[in-house]
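Peer 1: build me a structure from this.
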Amino acid sequence: MRTAPYPFLVAAWFAVVQWRQGGPVGLGRLGDLLASVAAALVVAALGTVLGRLIARAAEARGLVALVVVAWGALFASFSAYAVLLGLRLPIGDSVLAWTAACGLGVLLARRLTVGERFTRALTIGSALLLGFQVLGLASGTGATERDAWRGPGRAAGRPDIYLFILDKYSASHWLAAEYGVDNRDFEDSLRQLGFVLPAAARTNYPHTSLVLATLLDGAPVHETIGDSTARWAAVYARIEQAAMVAALQERGYRFAFFPTTFHATARQPRADMVLSESGARRATPLHSWRAHAPVDALLSLRCGRRGCQAEAGERLPTFPYPLERASAIQWKFDAVQTLPDSSGPVFAVLHALLPHEPYQFDANCGPREPWWPTRDATADSAIRAAYAAQVRCANRLVLAAVREIIRRSDVPPVILIQSDHGHGRLTEDAMSGRTIPLVELPAERLRERLEVFAAYRVPGHAGLFPDDMTPASVLPRTLNAVFDAAIPVPSDRTWWVDAFAHPLRVTSLSLDTITISRGAPPSP
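Peer 2: Okay, here's the model as predicted:
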């Protein structure tokens with residue numbers, strides 16, 4: 001029996017492409033590449049065996065194997081598109097749906113009749129695709145992480161701009177009242193470094209992706225899109241097409257982007273530099289392949305379709321989105337400190353998944369077993385303590401980074417630290433994103449969700465930011481001050497979203513109605 005070669009070529013091509021997406025190409029990651037290619041070829045071999053068992057025609061056997069290869073390589077893409085369509089399936093349901101879809105594809109493939117020309121074309125095409133990837137791989141091998149962003153020199157006079165986005169970081173008075181965190185030393189340290197801390201900063205929306213789009217676009221995202229029926233895909237598109245990023249690139253700035261495992265900041269096609277940790281990948285066999293394959297999700301089925309939370313009460317080892325390793329988060333804060341040495345000027349965006357779940361740091365940034373509670377609507381002492389520890393860790397990482405950036409910068413840098421939203425203790429289901437409806441939400445939880453931490457350093461413009469700042473006006477105000485850009489500054493308003501599946505169906509929250517900060521715990 002003849003074995004069609006193209007499923008093996010396509011499997012290897014997928015493995016190389018996915019590995020190259022994981023970060024700068026370096027010799028230290030070649031072990032992961034070789035192991036991932038080997039795993040992909042094993043899947044192709046299993047597909048070939050299945051094809052021989054169920055298909056009579058030799059050409060159909062190759063198609064069956066190709067479907068199996070896709071099953072093993074594209075599960076992560078399937079899950080991502082499901083999220084874009086508003087389907088937040090539990091991990092078990094997602095892998096079952098993907099396996100069922102590929103099973104249907106196998107049944108169709110085994111009945112298809114294709115000629116040798118078709119098989120030959122697939123073989124030639126897949127060989128060319130793999131060849132191009134191998135050539136690109138060879139030209140990049142030997143580069144180091146720092147080589148990936150080092151340039152020939154710096155344009156004088158223009159400051160680097162650093163944007164740190166801290167995820168789920170409540171305002172300091174809430175940290176003191178609800179979690180026992182006294183933030184005064186951290187805030188005083190920032191003030192000594194030239195930061196301004198608005199006294200009543202709040203967010204524009206209760207959800208991260210909406211705030212990210214608004215912050216980077218310089219305008220409320222639901223107004224920019226203008227379609228209340230649009231889903232999350234439209235929001236992610238605004239993040240990737242952000243107007244403020246374009247404005248800085250037009251002024252000669254290089255856009256340095258630190259990707260995360262969170263879907264809204266997992267990729268950024270506008271970036272001139274994509275900086276990701278590779279050291280952790282060196283120590284993780286099959287990292288690239290496992291990140292895209294359904295194997296881990298299938299293993300989670302031993303605990304039922306919704307994952308393994310039943311094994312540890314309120315713990316979710318199968319997180320709503322892929323875990324970002326503690327080492328990867330720490331690497332970003334180390335790497336951003338080297339950017340003052342790079343070709344500039346630079347606009348760097350670092351979205352830190354801190355102090356957001358999963359809880360995986362102690363207060364001194366030592367790693368702990370990752371923990372994601374299934375809900376925080378009735379936060380207990382363990383959740384409060386874990387959140388407080390990650391706030392303290394985030395403070396340490398941020399303060400060390402900004403001190404070093406300032407020390408190493410020839411031109412005084414602009415540094416913007418912005419929380420997307422506060423804690424609020426309002427998540428009812430971590431897997432689906434469901435929160436307590438607005439009409440049922442206690443006033444103090446609403447205020448904690450909306451009141452956020454923010455600190456801005458724009459040398460020479462101390463009076464730039466009002467006390468009631470929101471993310472929407474941060475970059476327009478900054479660019480207008482630094483470049484006299486004349487960008488329209490949106491009003492600082494806040495909206496609520498009740499239905500996670502319909503993110504642009506918003507309810508305007510009047511300050512007179514919700515009385516932000518009135519009755520809130522006093523600042524320490």
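Peer 1: which other helices and strands contact the helix or strand encompassing residue 99?
Peer 2: If you go by DSSP states H and E, residue 99 is part of helix 91-109. Using 3 or more CB pairs under 8 Å, 6 or more residues apart in numbering; DSSP states H and E, the elements in contact with helix 91-109 are helix 58-73, helix 75-84, helix 295-300. Where C-beta positions appear, they are placed from N, C-alpha and C, glycine not excepted.
Peer 1: with mean pLDDT added, can I get those in a markdown table?
Peer 2: Conversion of the helices and strands packed on helix 91-109 to a markdown table gives the following (pLDDT from 0 to 100):
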| stretch | mean pLDDT |
| --- | --- |
| helix 58-73 | 91 |
| helix 75-84 | 74 |
| helix 295-300 | 76 |
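Peer 1: pick the most buried one from these.
Peer 2: helix 58-73 (a mean of 24; mean count of other CB atoms under 10 Å).
Peer 1: tell me what angle that one forms with helix 75-84.
Peer 2: 70 degrees (axes from the mean of the first three to the mean of the last three CA atoms, to 10 degrees).
Peer 1: ok and helix 58-73 relative to helix 91-109, angle-wise?
Peer 2: 170 degrees.
Peer 1: so how far is helix 58-73 from its chain's centroid?
Peer 2: Remark: helix 58-73 is offset 32 Å from the chain centroid, using CA atoms, centre = their mean, to the nearest Å.
Peer 1: and if you look at stretch 219-235?
Peer 2: On CA atoms, centre = their mean, the centre of stretch 219-235 falls 19 Å from the chain's centre.
Peer 1: for stretch 421-438, same thing?
Peer 2: 18 Å.
Peer 1: give me the mean pLDDT for that stretch.
Peer 2: Computed over stretch 421-438, the mean pLDDT rounds to 83.
Peer 1: next, the buried residues of it.
Peer 2: For stretch 421-438, the buried set under the neighbour-count rule, 16 or more other CB atoms under 10 Å, comprises 421-427, 429-431, 433-436.
Peer 1: what do you get for stretch 397-404?
Peer 2: Buried, per 16+ other CB under 10 Å, within stretch 397-404: 397, 398, 401, 402, 404.
Peer 1: helices of the stretch 101-250 of the chain, residue ranges please.
Peer 2: Ranges of helices in the stretch 101-250 of the chain, per DSSP state H, counting those that start in this stretch, are 116-140, 172-179, 184-192, 208-217, 221-225, 232-240, 243-250.
Peer 1: for residue 389, find the nearest of those.
Peer 2: helix 172-179 (9.4 Å; CB to CB).
Peer 1: out of the helices and strands packed on helix 91-109, nearest to residue 112?
Peer 2: Closest to residue 112 of the helices and strands packed on helix 91-109, according to CB to CB: helix 58-73, at 5.6 Å.
Peer 1: C-alpha coordinates for that closest one, CSV please?
Peer 2: Taking C-alpha atoms only, helix 58-73 is exported to CSV below (Å, rounded to 0.1, in the frame of the first residue of the first chain):
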residue,chain,number,x,y,z
ALA,A,58,-5.2,5.2,-1.4
GLU,A,59,-6.0,8.8,-2.1
ALA,A,60,-8.8,8.8,0.5
ARG,A,61,-6.4,7.4,3.1
GLY,A,62,-4.2,10.5,2.8
LEU,A,63,-7.2,12.8,3.3
VAL,A,64,-8.2,10.9,6.4
ALA,A,65,-4.6,11.3,7.7
LEU,A,66,-4.7,15.0,6.9
VAL,A,67,-7.9,15.5,9.0
VAL,A,68,-6.2,13.7,11.9
VAL,A,69,-3.2,16.0,11.5
ALA,A,70,-5.5,19.0,11.7
TRP,A,71,-7.2,17.6,14.8
GLY,A,72,-3.8,17.4,16.5
ALA,A,73,-2.5,20.8,15.4
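Peer 1: what angle do it and helix 116-140 make?
Peer 2: Going by the same axes, to 10 degrees, helix 58-73 makes 40 degrees with helix 116-140.
Peer 1: now, which of the buried residues of stretch 397-404 sits nearest residue 440?
Peer 2: Once CB to CB is applied, the member of those that ends up nearest residue 440 is residue 398, at 34.3 Å.
Peer 1: for that closest one, give me the backbone phi and psi.
Peer 2: With angles defined as degrees, to the nearest 10, residue 398 sits at phi -70, psi -50.
Peer 1: contacts only, for it.
Peer 2: 164, 166, 333, 352, 417 (CB atoms under 8 Å, 6 or more residues apart in numbering).
Peer 1: just name the most buried of the helices of the stretch 101-250 of the chain.
Peer 2: Taking mean count of other CB under 10 Å, helix 208-217 is the most buried of the helices of the stretch 101-250 of the chain, at a mean of 26.
Peer 1: and that helix, how far out from the chain's middle?
Peer 2: 12 Å.
Peer 1: avg pLDDT for it?
Peer 2: Helix 208-217 shows a mean pLDDT of 97.
Peer 1: pretty sure residue 17 sits against residue 132.
Peer 2: No. Contact status for residue 17 versus residue 132: not in contact, 10.0 Å apart, counting by CB atoms under 8 Å.
Peer 1: tell me how far the residue positioned nearest the centre of the chain lies from residue 337.
Peer 2: What sits nearest the mean C-alpha location of the chain, by CA atoms, centre = their mean, is residue 262, with 2.9 Å. According to CB to CB, to the nearest Å, residue 262 and residue 337 sit 23 Å apart.
Peer 1: distance check, the spatially closest residue to residue 253 that is not a sequence neighbour against residue 476.
Peer 2: Nearest residue to residue 253 in three dimensions, chain neighbours excluded: residue 347, at 4.5 Å (CB to CB, 6 or more residues apart in numbering). Taken as CB to CB, the spacing of residue 347 relative to residue 476 amounts to 14 Å.
Peer 1: check residue 190 too.
Peer 2: Distance from residue 190 to residue 476, counting by CB to CB: 22 Å.
Peer 1: where along the stretch 201-350 of the chain do the strands fall?
Peer 2: 254-258, 273-274, 346-355 (DSSP state E, counting those that start in this stretch).
Peer 1: any chance of those strands in TSV, plus distance to residue 174?
Peer 2: Below are these laid out as TSV (distance: least, CB to CB, whole Å):
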stretch	distance to residue 174
strand 254-258	27
strand 273-274	34
strand 346-355	12
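Peer 1: go through those and pick out the most buried.
Peer 2: Greatest average neighbour count among the strands of the stretch 201-350 of the chain goes to strand 346-355 (a mean of 25), per mean count of other CB under 10 Å.
Peer 1: can you give me the angle that strand makes with helix 172-179?
Peer 2: Angle of strand 346-355 versus helix 172-179, following the same axes, to 10 degrees, is 20 degrees.
Peer 1: after strand 346-355, which helix or strand is next?
Peer 2: Where DSSP H and E defines the elements, the next helix or strand beyond strand 346-355 is strand 359-361.
Peer 1: other SSEs contacting that following strand?
Peer 2: Packing partners of strand 359-361 (3+ CB pairs under 8 Å, 6+ apart): strand 367-371, helix 381-408.
Peer 1: so what's the gap between it and the chain middle?
Peer 2: Distance, centroid of strand 359-361 to centroid of chain: 17 Å (CA atoms, centre = their mean).
Peer 1: ok, stretch 485-504 next?
Peer 2: 20 Å.
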